[in-house]
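Visitor: Sharing a model that was predicted from the sequence below.
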Amino acid sequence: MTGQAGTGTPKGPGAAVSVTPVGANGAFTAPDGRPPRHGLGAPELPADAEAKVRGTYPYTADLWAEGLLWAAVLRSPHPHARIKGIDTTAATAMPGVRAVVTHEDVAGEAGLGRGVADRPPLAAGVVRYHGEPVAAVAADHPETARLAAAAIAVEYEVLEPVSDPEKSFEAEPLHPDGNLIRHIPLRHGDPTATGEVIVEGLYRIGRQDPAPVGAEAGLAVPRPDGGVELYTSTTDPHTDRDRIAAALGLTPEQVKIYVTGVPGALGDREDLGFQLALSLLAIRTASPVKLTASREESFLGHAHRHPTLLRYWHHANRDGTLVKVEAQLLMDAGAYADDSADALAAAVAFAAGPYVVPNAVVDGWVVRTNNPPSGYLRGEGAMQVCAAYEGQMDKLAAELGMDPVELRARNVMATGDPLPTGQAVTCPAPVKELLEAVRDAPLPPLPKDSPVEEWLLPGGQNGAADPRAVRRGVGYALGMVHMLGAEGADEVSTATVKVEGTVATVLCAAVDTGQGFATLARQIVQDVLGVEEVHVAPVDTDQPPAGPGCRGRHTWVSGGAVERAAKMVRTQLLQPLASKFGMSPELLTIADGKITSYDGVLSTTVAEALEGKELWATAQCRPHPTERLNEAGQGDAFVGLAFGAVRAVVDVDVELGSIRVVEVAVAQDVGRVLNPRQLRAQIEAGVTQGVGAALTEHLRVTRGVVRRPDLTDYALPTALDAPEVRVVSLLEERDVVAPFGAKSGVSAVPVVVTPAAVAAAVRAATGREVNRLPVRPQLAVSTS
């Protein structure tokens, strides 16, 4: 960590193990029986919670500007076609149309993309997926803009789409960079080792959509210097600024992004092509331009979870000890690379799960197709392999005649064990304790003692389920995720803390996507400085970069930067007092709004000490470096890991194939609980997303064409589908290299593990081999 500090106005922008009791309402009880009033450990609500509940919180779609124009984007109806000509004459001639732009109007030569920038801002010469932006229109009314976009005549030569990733290897190149984005051949231990028992499995994971509550929206305003100001709900404003500036032929200083209210983000929320079109139209018309995507445009435009095909062979001895894991993983990136190489690295590294595996042979590929784009979602890469390796553990347990929990307990990893990448697990890894916690938790009661008419059966209370055909199943799963970026990613964040009187302000470009960073930043400052009133400034790109809001980064790097800056301000505050009494500032403590010395000689309030002062400090947090996996898939690629265990209880109508998740019990290692209310909310949200991936969520695509991209066909879990979530254990074994000792990415862990546990429970109820997610009804019909 590095930093600077001062007084006056800042220049420029600004290991002990314990189990935390968390009740059903998220309440946390301190050792003295009282919850903390504020600061770390307090169950504080987000400052914007009431406004969001009342519907008064301003989102991007609510923004307005004088002289506003409306935009619409023309998207390709084909997954693969050559553009032979674009005629904008009819659109341009329509009354109220102010501008029509195509790829010919894009001044820069750089592409778009948050990982690899290999995507053209507007399709040039060829379209590579259904819904790819081809042209954009600005008009004085949203309906006029939509009609004008529809009036653009595009002559297509339809080409055969490559929709099967297995055929991508032999297909003609879909992109100048070729079809293979990355291949990782991991070799660990003795590749020729063989176990006494071998089980084989083939698994398929579907295309899950992030489906944010609020679809994409943006407002672009032209600048006097020829640049643009963009108001949007991005999760990575500085990367977006740099990509847009390069694509438009502008300098980064000519593009400024203001982050407005984010209506849900479970990964890479924003389509950069959407932002580029807005910016281009605002510059062309010299007017503010707004675009609010329809749900169909949202489904077509943003990234989805990588559909994955996985083939596994697990080798074990008769006593259940794992000998070797062999796996072949094939991920579908869609037409462009984005951050697919990172997703593959996680999938390959975690292909054996949180188990001790002395030998591993894993090959992973990610390829281009003409399917919808894939990108980052919670637990990307780790979720797909978890469903497969846990399916293998159930299959191995059945082959050996062992209890599935006992087989897992016999093979779980602990601190000091190596990953198949050769990296030693140096962080706390209480995997066995987590498994035992969910195993020992009481099971939910059967409804046999209640009247039949009160039973909540699969398909709903008024569904067609026959109670005599309902079977209950219990399944277990373990999983892991990596925290922060990987393979040499420069994970850094900068924060400024400023105090005037008794009011503190935090400036940090970390976007609060719903994970609660703004609340955490307030609690950190309250904890360090003893001030109650803390404000977190809105995010824009004039502030130093903080990086993307994914993989729990902001808890670690941005929270660490805030803590560092706050401690520097604390030193500025305490140094004069300590000098006055001839002692070191380290001998002074701040608690309950008071400053006291170790011997009680000095006692004053924080408010008195701050009177008339203006203090500030800026600091950075940068974790230890990582390295890219080598040609054998070996290397220290990850900063840290987080683990979780889930037990799922399901009821299955074995005649109809309908499934109800009765309860999900979760045990998770969190390092340290910073806000119990927010922590529980994140776990519940992760479980619900995991249930969706397990049972209902799959964006259906036929030969590259998205079928019915709406929330009628794409079935999100509702409140009636969400199970009872029981947080049975939060293990607090502090990670000594993490700020506050807390592990980040707490919502990703249940997303990764829940689908595997639900699949295991369906297996237990039906006796069927459940090898694809989401589980199809025909797979839930009993064989007996």
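Guide: Yes, it's here.

Visitor: And for the nearest residue to Thr235 once chain neighbours are set aside, the neighbour number?
Guide: Excluding the flanking residues, the one nearest Thr235 by CB to CB, 6 or more residues apart in numbering is Gly549, at 4.1 Å. For glycine as for every other residue, the C-beta is placed from the backbone atoms N, C-alpha and C. Gly549 has 27 neighbours, counted by other CB atoms under 10 Å.

Visitor: Gly549 and Ala518 touch, don't they?
Guide: No: counting by CB atoms under 8 Å, Gly549 stays clear of Ala518, with 11.5 Å between them.

Visitor: Would you agree the residue nearest to Thr235 falls within a helix?
Guide: No: Gly549: not assigned to a helix; according to DSSP: H, G, I helix; E, B strand; the rest coil it is coil.

Visitor: need the contact list for it.
Guide: 235-236, 265, 510-513, 515, 517 (CB atoms under 8 Å, 6 or more residues apart in numbering).

Visitor: Export those as CSV, with columns for distance to Pro142, pLDDT and secondary structure.
Guide: Shown next, in CSV, are the contacts of Gly549 (distance: CB to CB, whole Å; pLDDT from 0 to 100; DSSP: H, G, I helix; E, B strand; the rest coil):
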residue, distance to Pro142, pLDDT, secondary structure
Thr235, 26, 87, coil
Asp236, 27, 90, coil
Ala265, 24, 74, coil
Ala510, 33, 93, coil
Val511, 27, 92, coil
Asp512, 29, 89, coil
Thr513, 27, 84, coil
Gln515, 32, 82, coil
Phe517, 33, 91, helix
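
Visitor: Out of these, grab the one that's most surrounded.
Guide: When neighbours are taken as other CB under 10 Å, the top entry among the contacts of Gly549 is Ala510 (32 neighbours).

Visitor: does it really touch Trp556, like I thought?
Guide: No: counting by CB under 8 Å, Ala510 sits too far from Trp556 to count as a contact (10.6 Å).

Visitor: Can you pull up the most central residue in the chain?
Guide: The structure's the chain has its C-alpha centroid closest to Arg378; by CA atoms, centre = their mean the separation is 3.2 Å.

Visitor: Tell me the backbone dihedrals of that one, please.
Guide: Arg378 adopts backbone torsions of phi -50, psi 130, taken as degrees, to the nearest 10.

Visitor: low-scoring stretches of this structure, by residue?
Guide: Residues of the chain that meet the criterion pLDDT under 70 lie in 1-37, 267-270, 449, 452-454, 460-464, 782-784.

Visitor: Tell me where the longest helix sits in it.
Guide: Using DSSP state H to assign secondary structure, the helix with the most residues in the chain is helix 559-580.

Visitor: still on that earlier bit, just the contacts of Gly549 now: which is nearest Ala215?
Guide: Using CB to CB, the shortest approach to Ala215 within the contacts of Gly549 belongs to Ala265, at 11.9 Å.

Visitor: Hmm, the closest one is touching Glu216, no?
Guide: No: taking contacts as CB under 8 Å, Ala265 lies outside contact range of Glu216: 10.6 Å.

Visitor: so what sits against both of the two?
Guide: Common neighbours of Ala265 and Glu216 (CB under 8 Å, 6+ apart) are Ser233.

Visitor: Could I get the full set of helices for the stretch 651-784 of the chain?
Guide: 676-695, 748-766 (DSSP state H, counting those that start in this stretch).

Visitor: May I see the buried residues of the shortest one?
Guide: Judged by neighbour count (16 or more other CB atoms under 10 Å), helix 748-766 contains these buried residues: 748-766.

Visitor: okay, it in CSV with CA atoms only?
Guide: These are the backbone C-alpha positions of helix 748-766, laid out as CSV (Å, rounded to 0.1, in the frame of the first residue of the first chain):
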residue,chain,number,x,y,z
ALA,A,748,-20.0,-15.9,-5.7
VAL,A,749,-19.4,-18.9,-3.5
PRO,A,750,-23.1,-19.9,-3.2
VAL,A,751,-23.6,-19.2,-6.9
VAL,A,752,-20.9,-21.7,-7.6
VAL,A,753,-21.9,-24.4,-5.1
THR,A,754,-25.7,-24.3,-5.0
PRO,A,755,-26.4,-25.6,-8.6
ALA,A,756,-24.2,-28.6,-7.9
ALA,A,757,-26.0,-29.3,-4.6
VAL,A,758,-29.4,-29.0,-6.1
ALA,A,759,-28.4,-31.4,-8.9
ALA,A,760,-27.1,-33.9,-6.3
ALA,A,761,-30.4,-33.7,-4.4
VAL,A,762,-32.4,-34.4,-7.6
ARG,A,763,-30.1,-37.4,-8.2
ALA,A,764,-30.8,-38.6,-4.7
ALA,A,765,-34.6,-38.2,-5.1
THR,A,766,-34.8,-39.8,-8.6
